[in-house]
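A.B. asks: structure here, sequence nowhere to be found:
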């Protein structure tokens, strides 16, 4: 088991389909809490938005809301037992552009924050953020690696078949 430090863990799973990715995220979403920040990274088509859709279902966001990347609006807000703030920062250059959005309000407010293309703002992500990377293996398979605070990551991993690496 390789750990970044004593307080963080890393786990991974190979997803064989979009449906499996969505189901995994649904399990995780059901365990999220106010203030959780999930920083998603991976190339185009690697599963970030699909994963976010599963998180939304786990949070109780109804099927009537279609989860799409807010590429042109930068952020979508979805009502649920815990609000979901979904950022897609593909179009920004770096964290200084993100600062102009007033991100602190979201990072310090009620709700769950999901950020696609989070590597662009790595410098300003809180230490307790969950870093999730998606690696394209083939047309259907993705390697999903999740790193975060050890106590919380263990809780989120329950029933997911994710393995500590």
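C.D. replies: The structure has been received and is ready for your questions. Bear in mind that the values here come from a model prediction, so they are computed numbers and not experimental data.

A.B. asks: all contacts plus neighbour counts: C-alpha atoms, from now on.
C.D. replies: Fine.

A.B. asks: may I see the buried residues of the lowest-mean-pLDDT helix or strand in the chain?
C.D. replies: In the chain, no helix or strand scores lower on mean pLDDT, DSSP states H and E than helix 95-99, which sits at a mean of 80. By neighbour count on 16 or more other Cα atoms under 10 Å, the buried set for helix 95-99 is 95, 98.

A.B. asks: and the average pLDDT for the helix or strand just after it is what?
C.D. replies: Scanning forward in sequence from helix 95-99 by DSSP states H and E, the next helix or strand is helix 103-107. For helix 103-107, mean pLDDT rounds to 84.

A.B. asks: which parts of helix 103-107 are buried?
C.D. replies: 106-107.

A.B. asks: same thing with stretch 34-49?
C.D. replies: 34-42, 46-49.

A.B. asks: repeat that for stretch 58-66.
C.D. replies: For stretch 58-66, a neighbour-count test (16+ other Cα under 10 Å) marks 58-61 as buried.

A.B. asks: stretch 119-130 now?
C.D. replies: Result for stretch 119-130 [16+ other Cα under 10 Å]: buried residues 119-121, 125, 128-130.

A.B. asks: out of those, which two sit at the greatest distance?
C.D. replies: 120 and 128 (17.3 Å; Cα to Cα).

A.B. asks: coming back round to it: just the buried residues of stretch 58-66 now: which is nearest residue 9?
C.D. replies: residue 58 (22.2 Å).

A.B. asks: ramachandran coordinates for that closest one?
C.D. replies: Backbone dihedrals for residue 58, given as degrees, to the nearest 10, come out at phi -60, psi -30.

A.B. asks: and residue 126, by the same measure?
C.D. replies: phi -60, psi 150.

A.B. asks: check what pLDDT it gets.
C.D. replies: For residue 126, the predicted pLDDT is 94.

A.B. asks: for residue 102, see how far away it is.
C.D. replies: 15 Å (Cα to Cα, to the nearest Å).

A.B. asks: again, but for residue 114
C.D. replies: Relative to residue 102, and taking Cα to Cα, residue 114 is found at 15 Å.

A.B. asks: and these two? which has more neighbours close in?
C.D. replies: residue 114 (25 against 10; other Cα atoms under 10 Å).

A.B. asks: quick one: contacts for the closest residue in space to residue 108 that isn't next to it in sequence?
C.D. replies: Nearest in space to residue 108, with sequence neighbours left out and distances taken as Cα to Cα, 6 or more residues apart in numbering, is residue 35 at 6.7 Å. Each residue near residue 35 by Cα atoms under 8 Å, 6 or more residues apart in numbering is listed here: 107-113.
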